[in-house]
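> pasting the sequence and the predicted model now:
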Amino acid sequence: MEDMKIDRRAFGKLLAGVPALSALERSVFEKSAFPVSSAGESESRPWYETNSRWTGFNLHMPDWDPAIASRLNAKEIIRNVLKSNSNFFWLYAVDGAGNAYYPTKVGRMHPNLAGRDIVREVVDECKRNQIPFLLNYCLGWNRYAALSHAEWTMKDNHNETVTGEYGPVLGPYLCWNSGYLDYVKAMTTEMLDYDPDGLYFDMLFYGSRTVCYCQEHCQPLFRKKYGIEMPLTPTWDDAWRKFLEFRYDSLSHFAQEVTEHARKLRPRVSVAYNCRQKPVQHSQLSDYVTAEPLPALRGAWDPSRLTTFLRGLKPASRVLMSTSRGAHGYSDYTLRPEADLKWEVFTYLAHGARAFPADDALYDGSLQPQFYELMGRIFGEAKRKEPYFGQEHVREVGLYYSVKSRDWYGRGQGERYDNAFAGAHRALAELHIPVDALFDESVTLKQLQAYPIVYLPNVAILDKEEAQFLREYVKNGGQLLATHDTGLCDLDGKRREDFVLADVLGVRYKGQAEYTGHYYRLPEGFLSAGMWRDWDVFVSGTANLVESSGAEAVGELKIPFYDGPPFHRVNIGQHNSAWKTVAPAVFLNRYGQGQTAYVPFGPDTAYVGEYPLPEHRILLRNILRHLYPNPEVSVEAPLVVEAVITQDTEQSRYIVHLVSCQGGREMNGVTVPVRPNVMEEPLIYRARIQLQRTARQVTSLSDKTKITQHEKSIALQIEDIHEAVIISY
């Protein structure tokens, strides 16, 4: 195969235009990066707007045994797809081993297919049965390309090839600035010959703890763009900032080149990438955004958290959420109970997302029909309920996510920042408070003003523009909640002398209490509702010593005995009991027409840490209800029930989705694996919906649900995993 070189002029044009990305990101709420229709073509809704029930199966098939992939059968595949009530099929054309499932002239056809064009056979069956289809190419792993072209592989800071965690099967990783780009373009040309409805490019990323420092491509390009040598270890200075920018833009450039190539050949083909390492920037690369929640590893709130996250990235587009049939994740040949899969599928649908439960083909490529029978029942119910999904979400809390804080405050320790967002989401979901994600990459004052409350969970880094947006938001009547180190670090992640929003919060920074845990105590009143009186609540993590500069200071922040560090244990536990009061616990302030609340520790971070306590959630509830006491719609239900509140303004009605997950819904942050929770039966529970207006009519989709209505209050008894309550007003 001919050695292929990257078009450096195209890459240079991309990098030269990087400053314009800010304008693109700021306009993310106004338009999509790629138009759905080409000029002169009729405007129509694309397939990913109308098809919400996906299925497909993983194929990462090596060839060390002739039986592997030898029994792939198009008729069997589509027979099962039809059985599943799916209305879209997803097929690997090129897998992570680098094997193509069609006769390729560019790459390597899987030798065990004996020359059969599996893609053509499946495509013909899809067209015969009027099933839209998508062809998938695994980008990040292509073992054949990597082993054939060592110069295309990612290199570490010693210029040695990076194998990756799945090296023996899928690795090494491929460099996005190498000749691999032209290889992918050539294979894209071949895939488009099958006239697919869409192309999906998987794993456009830098792998876990993987950075490419290759001397062949990345270092020369970096030197040309910035005029300095590429840093080979984290320096946390301007050179490292340029390096992170270079990485993000390398992914963007690769995708933009492939998409432009595909659209020249098929203008209306949809294109999507599994890529969100800089969330807003990378979401613009795709016609719809996608993610793979892993409840088996990150707990049962992960599907809701990631769906909420993606809904905020590119609101004009749809969201695709994929999951596995197996209890422990992908390539797991177990089958989750129907109740368990149904809970996850309806979580996505309730949020207005597309659901994609993925199968795993057996070693020989054959399928197990039991999965498709199970999905037939789940998707059959979803099909009947389809008119009630996808309405506008009722807005209450805008939960802020900061890439700057992740990169420069977290500094490679993802949980240091990300756990605050995860814990805040979990608390809000368990409190049944509507939440959307907001992003530092794209935030505008108009966007903030769409939410009664903006919540900054340990958003340590706020630039001047963000701070001014937030200042104006509160001044004009907005409600702001901030926790822990919010606004306390500069753009390099170094601690400031004071908060960047000190005037808005009405506080002054004095120092840091450097214990690994602290306590807070609140006096009797609205902030302590639901907690023991005169009780010291433990909160893991550091805290700030803060004094009022106008805010009302409430409660006590206490350090544990003994006044260290160094820490001296009194008993055998990991922390001692509460001791001295060192500062107030909560600060409430009025600024302009709005209100703020500041908590100098991290109840959100602690809620997904080693010592999660109900009081962490209850404190957040009490603050939020102080800031916004009369929400448009409120829901009371068990903690394990998620409420997704939507509004259909054209028909003057609310649609309240209630999705239950019986059993432990633990969420151990973003890095700590947990055992999967496998649900086998639905929960029977009571719920209540409270309105600010009188309901004209209340109905539910299940005839088993018992409804008792009294003007603005609706009492429910529910026996299903998913219920939708339709409230006309």
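That came through fine.

> how close does residue 310 sit to residue 428?
Distance, residue 310 to residue 428, by Cβ to Cβ, to the nearest Å: 16 Å. Placement of C-beta: from N, CA and C, glycine included.

> please look at residue 265 and residue 189 and confirm they touch.
Yes. The pair residue 265 / residue 189 is scored as a contact, 6.4 Å apart, by Cβ atoms under 8 Å.

> what about these two, which has more around it?
residue 189 (16 against 13; other Cβ atoms under 10 Å).

> that one: what's it in contact with?
261, 265 (Cβ atoms under 8 Å, 6 or more residues apart in numbering).

> state the mean pLDDT of the helix or strand that it is a member of.
Assigned by DSSP states H and E, residue 189 belongs to helix 180-192. Mean pLDDT, helix 180-192: 98.

> kindly report the same for stretch 499-514.
On average, stretch 499-514 scores 95.

> need the residues that contact it.
Against stretch 499-514 from outside (Cβ under 8 Å, 6+ apart): 462, 467, 470-471, 474, 480, 482, 486-488, 495-498, 542-551, 557, 559, 565, 582-583, 587, 589-591, 596, 598.

> tell me, how many residues neighbour residue 219?
18.

> can you tell me how far residue 179 is from residue 482?
The gap separating residue 179 from residue 482 is 48 Å, by Cβ to Cβ.

> more neighbours: which of the two?
Neighbour tally, residue 179 and residue 482, criterion other Cβ under 10 Å: the higher count belongs to residue 482, 28 against 21.

> the more buried one: what secondary structure?
When classified by DSSP: H, G, I helix; E, B strand; the rest coil, residue 482 comes out as strand.

> kindly report the same for residue 333.
Once three-state DSSP is applied, residue 333 turns out coil.

> mind listing what the nearest residue to residue 610 once chain neighbours are set aside touches?
Counting by Cβ to Cβ, 6 or more residues apart in numbering, residue 610 lies nearest to residue 540, which is 5.9 Å off, once chain neighbours are set aside. By Cβ under 8 Å, 6+ apart, the residues touching residue 540 are 516-517, 605-606, 609-611.

> which of these has the largest number of neighbours?
Ranked by the number of neighbours (other Cβ under 10 Å), the contacts of residue 540 place residue 605 first, at 29 neighbours.

> residues contacting that residue?
419-420, 423, 457-458, 483-484, 540-541.

> which of those count as buried?
419-420, 423, 457-458, 483-484, 540-541 (16 or more other Cβ atoms under 10 Å).

> check those residues and tell me the two furthest apart.
The span of those, defined through Cβ to Cβ, is set by 457 and 540 at 15.2 Å.

> could you pull out the strands in the stretch 251-400 of the chain for me?
270-273, 289-291, 319-324, 354-360, 392-393, 397-401 (DSSP state E, counting those that start in this stretch).

> sorry, that was for the stretch 601-729 of the chain
Going by DSSP E, counting those that start in this stretch, the stretch 601-729 of the chain shows strands at 633-636, 641-648, 653-660, 685-691, 697-700, 706-710, 713-718, 722-728.

> which one, of those, ends up nearest to residue 366?
Evaluated with Cβ to Cβ, the strands of the stretch 601-729 of the chain place strand 722-728 nearest to residue 366, the distance being 31.7 Å.

> tell me the buried residues in the closest one?
By 16+ other Cβ under 10 Å, the buried positions in strand 722-728 come out as 722-727.

> now the two most distant members of those residues.
Across those (Cβ to Cβ), the longest gap, 16.7 Å, separates 722 and 727.

> ok, back up a step: got TSV for the strands of the stretch 251-400 of the chain, with mean pLDDT and distance to residue 681 too?
Converted to TSV, the strands of the stretch 251-400 of the chain look like this (pLDDT from 0 to 100; distance: least, Cβ to Cβ, whole Å):
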stretch	mean pLDDT	distance to residue 681
strand 270-273	96	36
strand 289-291	93	28
strand 319-324	94	20
strand 354-360	94	19
strand 392-393	96	29
strand 397-401	98	32
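
> want to throw those into JSON lines with mean neighbour count?
Below are the strands of the stretch 251-400 of the chain laid out as JSON lines (neighbours: other Cβ atoms under 10 Å):
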{"stretch": "strand 270-273", "mean neighbour count": "24"}
{"stretch": "strand 289-291", "mean neighbour count": "24"}
{"stretch": "strand 319-324", "mean neighbour count": "24"}
{"stretch": "strand 354-360", "mean neighbour count": "22"}
{"stretch": "strand 392-393", "mean neighbour count": "14"}
{"stretch": "strand 397-401", "mean neighbour count": "25"}
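
> residue 716 is nearest to which of those strands?
Nearest to residue 716, of these and by Cβ to Cβ, is strand 392-393 at 20.4 Å.

> on that earlier part again, what about the contacts of residue 540, which are in helices?
Taking DSSP state H, the ones among the contacts of residue 540 that sit in helices are 605-606.

> distance of residue 169 relative to residue 332?
Counting by Cβ to Cβ, the separation of residue 169 from residue 332 is 15 Å.

> so what are the domain limits for this protein?
Per the record, the chain has its domains at 1-17+58-287, 395-631, by automatic domain parsing.

> go through these and find the least confident stretch.
Taking the mean pLDDT of the domains of the chain, domain 1-17+58-287 comes last: a mean of 90.

> between the buried residues of strand 722-728, which is nearest residue 413?
residue 722 (37.0 Å).
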